[in-house]
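1. Sequence plus predicted model, see below.
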Amino acid sequence: MPTSRRAEPDACSLLDTDHRNVKKLFKQYEELTQSRAASAEDKKRELAKEICMELTVHAQIEEEIFYPALREAIKETDLLDEAEVEHASAKDLIAQIQEATVFDDKFDAKVIVLGEYIDHHVKEERNEIFVKARAARGLDLMAMREQLAARKEELTEEFGATA
C-alpha cells in the first residue's frame, strides 16, 4: 500500500542537501557584495573560503563514489561526462579564489560566476542525473548515502585541518 510518507533519504538527498547549503552561502555572499561596511571584505573572504571547501568536498565525493557507481549502472553516460567537465571548470575557479592575494572586483566576480556554474550544475543533477540514479537497477542509493556521508566527514576534517 502506498503511503504519504516521504522516501528515506538516499545518496541523491545527501548531495542535494549539500546543493541547498552552498546555495545559501552564495546568497549570503551576494548580499555582502552590496555592503560598504569595512567588515564586509573579511566576511566575504570567510564565506568564499567556506564555499570553496564545501564545493571541493562535494565534488570529491561525487567523483570518488557517486559518478563511478552511476557509470556502471546506466548506459547513457554523456551527462556524467558533462558533470565532470563542469567540476573541472568549478575547480579552476575555486583555485583562483583560494590563491587570490588581493581582494578586488575580480574576486567578487569569480565567486559570483562560480555560483552561476554551480546553479547550472545543480539543475542538471536534480533534473537528470538524480532521476537516472533513482531509476537505475542495482544501484543501492541508501547504502551509498552512508558511504558518501562517511567520506564527506573524512574530507571535511582533512580540509578543515589544512585550512
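-> Good, I have the coordinates.

2. on contacts alone, who are the packing partners of the lowest-mean-pLDDT helix or strand in the chain?
-> When the helices and strands of the chain are compared on mean pLDDT, DSSP states H and E, helix 141-162 comes out lowest with a mean of 91. Contact here means 3 or more Cβ pairs under 8 Å, 6 or more residues apart in numbering; DSSP states H and E; on that basis helix 141-162 packs against helix 11-33, helix 40-61. Quick note: C-beta positions are derived from backbone N, CA and C, even for glycine.

3. what's the burial count for the closest residue to residue 128 other than its chain neighbours?
-> Computed as Cβ to Cβ, 6 or more residues apart in numbering, the closest residue to residue 128 that is not its neighbour in sequence is residue 79, at 5.4 Å. For residue 79, the neighbour count with other Cβ atoms under 10 Å is 17.

4. Okay, buried residues for stretch 76-93 please.
-> Residues 79-80, 83, 86-87, 90, 93 are the ones in stretch 76-93 that count as buried (16 or more other Cβ atoms under 10 Å).

5. same question, stretch 137-144
-> Buried-residue list, stretch 137-144, by 16+ other Cβ under 10 Å: 139, 141, 144.

6. Mind listing residues that contact the least confident helix or strand of the chain?
-> Applying Cβ atoms under 8 Å, 6 or more residues apart in numbering, the contact partners of helix 141-162 are 8-15, 53, 56-58, 60-61, 64-66, 69, 133-134.

7. Now, of those residues, which are buried?
-> Here, 16+ other Cβ under 10 Å leaves 10-12, 14-15, 53, 56-58, 60-61, 65-66, 69, 133 buried among the contacts of helix 141-162.

8. Just name the closest of these to residue 33, please.
-> Looking at those and their distance to residue 33, the nearest is residue 53, at 20.0 Å (Cβ to Cβ).
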